[in-house]
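>>> Below: sequence and its predicted model.
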Amino acid sequence: MKTFSGDTKAVSVVIGALMLVLITVTAASAFAIFINQEQEERQKQQAFEQQQELENIRILSITPVDMDSDSYCDFLNFSISSAHLSTSRIVDIVINDQPLQNYNVTFQGESLPTPLNFSTTLLIEPREQITLHVNTSKDFFIDPFNISTTSYIKLTLFTSLGNTFEKTFYSPNAVLKLDLAHTPSLCDGTDSFCENEDNYIVQWHWTITKNSVVDLDDYGSTINYGFSDPATYVVTLEVIQNNGMSDISEYTFDVV
């Protein structure tokens, strides 16, 4: 019987063949693992992108509070809801391009026992509605941060999925018209309007001064006033919409 004990060349060929098989099997296994890992990563990415696309946070409304009637907000209350089927994680909150340092939240009418801050992740459960409470005098990194009720208020929410949800609440536009061709003259504010579709004007406030003295303080979309005496008149119309934001229009003229 023939053996390879004395045939080193044949032994080397066998060993080489075995090594080649081993290398091929190892390479195939490594490639299979690589393909499997790549498929898993692709599936994770697809799942993430699906979650990102489905995430839907709605900024519903705002209630600004002006405690001292200086046309600046002392407090801001935002109503926010989630239409997402999974928990949303809000990682950053910005108002008028300024990040919040602290804030309070009410869930289903119940306030959290302690305020949240910029390092906290705010969780909103599926179909949940919350109210975000902000104190403009102490809850921003800029202290205080003045936000006018006569301009705009923009809320921006950033989530852990990389989504950005934003809504801008605009003040109304006061449009003042005077019919000076007739006496008494018609002061008309009916063309005043709101920019946000869910807002409407609830109050028209007229002030007329004659030579710097208030001669009329009245309410209504239209009023009548007789500009008959020689004087400098200042007609001021302030309109307020249903969320408390306002705008002022003013017209000054002389009667000689």
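Nice, I can see it.

>>> looking at it, Asn96 is touching Ile147, isn't it?
Yes: counting by Cβ atoms under 8 Å, Asn96 does reach Ile147; the two are 6.2 Å apart. No exception for glycine: its C-beta is placed from N, CA and C like everyone else's.

>>> out of those two, which sits in the more crowded spot?
Neighbour comparison, Asn96 and Ile147: the larger count goes to Ile147, with 21 against 16 (by other Cβ atoms under 10 Å).

>>> Look up the closest residue to that one, ignoring the ones flanking it.
Spatial nearest neighbour of Ile147, excluding adjacent residues (Cβ to Cβ, 6 or more residues apart in numbering): Cys73 at 4.5 Å.

>>> related to what we said a few turns ago, any shared contact partners between Asn96 and Ile147?
Common contacts of Asn96 and Ile147, defined by Cβ atoms under 8 Å, 6 or more residues apart in numbering, comprise Ile153.

>>> So in terms of bridging, what pairs with the residue lying closest to Gly244 once chain neighbours are set aside?
Using Cβ to Cβ, 6+ apart and skipping the chain neighbours, the partner closest in space to Gly244 is Pro64 (5.1 Å). According to DSSP bridges, the residues that bridge with Pro64 are Leu76.

>>> try Asp218
In beta-bridge terms (that is, DSSP bridges), Asp218 pairs with Trp206.

>>> mind checking how far it is from Val235?
11 Å (Cβ to Cβ, to the nearest Å).

>>> C-terminal to the helix or strand harbouring Asn224, what's the next element?
Element membership for Asn224 (DSSP states H and E) is strand 222-225. Later in the chain than strand 222-225, the nearest helix or strand by DSSP H and E is strand 231-241.

>>> for the chain, what are the low-confidence residue spans?
For the chain, applying pLDDT under 70 flags the ranges 1-14, 16-18, 21, 25, 27-28.

>>> Identify the residues contacting the residue nearest to Gly244.
So Pro64 contacts 73, 75-77, 147, 149, 153, 243-245 (Cβ under 8 Å, 6+ apart).

>>> from these, which is closest to Ile124?
Asn77 (16.1 Å; Cβ to Cβ).

>>> Give me the neighbour count for the closest residue to the closest one other than its chain neighbours.
Closest residue to Asn77 apart from its sequence neighbours, by Cβ to Cβ, 6+ apart: Thr63 at 4.3 Å. Thr63: 16 surrounding residues under other Cβ under 10 Å.
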